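S.K.: just coords:
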């Protein structure tokens, strides 16, 4: 195939939604898709499967039996007394018994929420740094094979690709874009790290989600590199941009620039990069990007039901939307969360170096604003809750991935609705998920 903020806290989401309420009546075919991205802060999916957990049985070892040797002396000869050597004993190695996880508190919460809000279902996967997938459950129409659009939960994927190119020496994430591509001269001071931390100074989704000079990011026409160059080179935005690292401007064209830059320095399409960085090493079944925002009609901030879990209905595009165009399954997104918990490893395959993973998770906006007053907590593709330490990358349609890096576990919740509902359900699941994981370690 050629080719969607997160739940650190509820307050940022409410702020974004309130500021965008005034735009609800604008052109459905253009404004709707843009607004949908803004809510990128939360969500859940359906059909029930039995939770799975990883268990390891301790090996059995038998100690050998040893009989003392017998000696027969000749009748006419006096011999020295025989010495019996004590037999050696092999001690069975000690092993840690497999952990037992109890997530029985989860289903009643999700089932009640789905019924109360008339949702088509939900999905949840929980992963542990040591034990892997420890819970995987679906409700309603959802199943392990359900493919969902994930809106802004796409952002951490984009940031990871740029870090991989940085590792490979194809890109310096801290050097100006102008040093990597000719069209970078339009904004000579902006770096890739600033693009994927919403700190470039370019116009974000606020205050104007329908910002004309960047509209190509929402259209499945043209090319990703062409759109990126157009956004980065236009002079029409000169009065609206600010110096990098002076304001936090969530979303918008800066993410499309990041994707186009990745294609340019690598010589590969976005689809090829996605396969190389994530799909192949992590053995994923479904992970791809498209640009669906003008392909379906839906209510503002709401999931496009017409997608129906079937990517084959999407128009093929060479201009996938970077900040919100991905789609995948619960299992595949869970595998990527586990990779983040395991310092960049998918099984025996390295996706990213530990140093790169740490940089993605670090609160970059706090580094730019040490007093903490200039911007909410955000790394590169991840919201950072400065109170709990939880990082997340929620999406407009109700997806809520989160990681507890200190305790070594994470989860991905998906519904096909809105970020408000996804964030609300995730808020009810944070504590019971944590309790189930930590109880298994006692």
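M.R.: Nice, thanks for sending it over. Nothing here was measured: the structure is a model prediction, and the numbers come from that model.
S.K.: can you pull the buried residues of the helix or strand harbouring residue 273?
M.R.: When elements are assigned from DSSP states H and E, residue 273 belongs to helix 270-274. Across helix 270-274, burial judged by 16 or more other C-beta atoms under 10 Å covers 270, 271, 273, 274. Where you see a C-beta, it was placed from the backbone N, CA and C, and this is true even at glycine.
S.K.: same for that helix, what does it pack against?
M.R.: Counting contacts by 3 or more C-beta pairs under 8 Å, 6 or more residues apart in numbering; DSSP states H and E, helix 270-274 is packed against helix 155-167, helix 253-266, strand 287-289.
S.K.: one more pass at 6 Å, please.
M.R.: Under the contact criterion of 3 or more C-beta pairs under 6 Å, 6 or more residues apart in numbering; DSSP states H and E, helix 270-274 touches helix 253-266.
S.K.: what comes up buried for the helix it packs on?
M.R.: Of the residues in helix 253-266, 253-266 count as buried by neighbour count, 16+ other C-beta under 10 Å.
S.K.: okay, those in a markdown table with distance to residue 97 and pLDDT next?
M.R.: Formatted as a markdown table, the buried residues of helix 253-266 follow (distance: C-beta to C-beta, whole Å; pLDDT from 0 to 100):
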| residue | distance to residue 97 | pLDDT |
| --- | --- | --- |
| 253 | 53 | 97 |
| 254 | 49 | 98 |
| 255 | 46 | 98 |
| 256 | 50 | 98 |
| 257 | 51 | 98 |
| 258 | 46 | 98 |
| 259 | 46 | 98 |
| 260 | 51 | 98 |
| 261 | 49 | 98 |
| 262 | 45 | 98 |
| 263 | 49 | 98 |
| 264 | 52 | 98 |
| 265 | 49 | 98 |
| 266 | 46 | 98 |
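S.K.: out of those, who's nearest residue 339?
M.R.: Distance to residue 339 across the buried residues of helix 253-266 (C-beta to C-beta) is lowest for residue 262, with 18.6 Å.
S.K.: how much space separates residue 165 from residue 105?
M.R.: Noted for residue 165: a distance of 42 Å to residue 105, by C-beta to C-beta, to the nearest Å.
S.K.: of these two, which one has the most company?
M.R.: Counted by other C-beta atoms under 10 Å, residue 165 and residue 105 do not tie: residue 165 has more neighbours, with 22 against 13.
S.K.: which residues does that one contact?
M.R.: 171, 262 (C-beta atoms under 6 Å, 6 or more residues apart in numbering).
S.K.: next one: residue 321
M.R.: Going by C-beta under 6 Å, 6+ apart, residue 321 touches residue 291.
S.K.: that one belongs to a strand?
M.R.: No - under DSSP: H, G, I helix; E, B strand; the rest coil, residue 321 sits outside any strand and is assigned coil.
S.K.: now it: how far from residue 371?
M.R.: Counting by C-beta to C-beta, the separation of residue 321 from residue 371 is 34 Å.
S.K.: likewise for residue 153?
M.R.: Note on residue 153: its distance to residue 371, by C-beta to C-beta, is 30 Å.
S.K.: cool, and residue 398?
M.R.: Noted for residue 398: a distance of 34 Å to residue 371, by C-beta to C-beta.
S.K.: against residue 213, how distant is residue 319?
M.R.: Going from residue 319 to residue 213 by C-beta to C-beta gives 16 Å.
S.K.: before we move on, what about residue 382?
M.R.: For residue 382, the distance to residue 213 equals 28 Å [C-beta to C-beta].
S.K.: the two: which is more packed in?
M.R.: Neighbour tally, residue 382 and residue 213, criterion other C-beta under 10 Å: the higher count belongs to residue 382, 28 against 17.
S.K.: what pLDDT does the nearest residue to residue 428 once chain neighbours are set aside get?
M.R.: Counting by C-beta to C-beta, 6 or more residues apart in numbering, the nearest residue to residue 428 once its immediate chain neighbours are dropped is residue 109, at 5.3 Å. Confidence at residue 109, expressed as pLDDT, is 98.
S.K.: now do residue 30
M.R.: Residue 30 is assigned 38 on the pLDDT scale.
S.K.: I'd like the average pLDDT over stretch 129-149.
M.R.: What stretch 129-149 shows for mean pLDDT is 98.
S.K.: start the count at 43, not 1, going forward
M.R.: All set: I'll call the first residue 43, so the last point we hit is now stretch 171-191.
S.K.: can you give me the helices in this structure?
M.R.: Here the chain has its helices, by DSSP state H, at 52-62, 73-80, 148-159, 197-209, 234-237, 266-275, 295-308, 312-316, 372-383, 396-403, 406-410, 461-481.
S.K.: what's the closest of those to residue 226?
M.R.: Minimum separation from residue 226 across the helices of the chain (C-beta to C-beta) falls at helix 266-275, 6.7 Å.
S.K.: more neighbours: residue 195 and residue 413, which one.
M.R.: Each of residue 195 and residue 413 has its neighbours counted (other C-beta under 10 Å); residue 195 has more, 33 against 6.
S.K.: next up, the contacts around the residue nearest the centre of the chain.
M.R.: Relative to the mean C-alpha position of the chain, the nearest C-alpha, by C-alpha atoms, centre = their mean, is the one of residue 198, at 5.2 Å. When contacts are counted by C-beta under 6 Å, 6+ apart, residue 198 touches 423, 424, 435.
S.K.: how close does it sit to residue 291?
M.R.: Using C-beta to C-beta, residue 198 is found at 18 Å from residue 291.
S.K.: mean pLDDT per helix and strand in the protein: which one sits at the bottom?
M.R.: Ranked by mean pLDDT, DSSP states H and E, the weakest helix or strand in the chain is helix 73-80, scoring a mean of 37.
S.K.: low pLDDT regions in the stretch 93-242 of the chain?
M.R.: Across the stretch 93-242 of the chain, the ranges flagged by pLDDT under 70 are 93-137.
S.K.: in stretch 193-211, what counts as buried?
M.R.: Within stretch 193-211, the residues that count as buried by 16+ other C-beta under 10 Å are 193-209.
S.K.: no further queries at this time; thank you.
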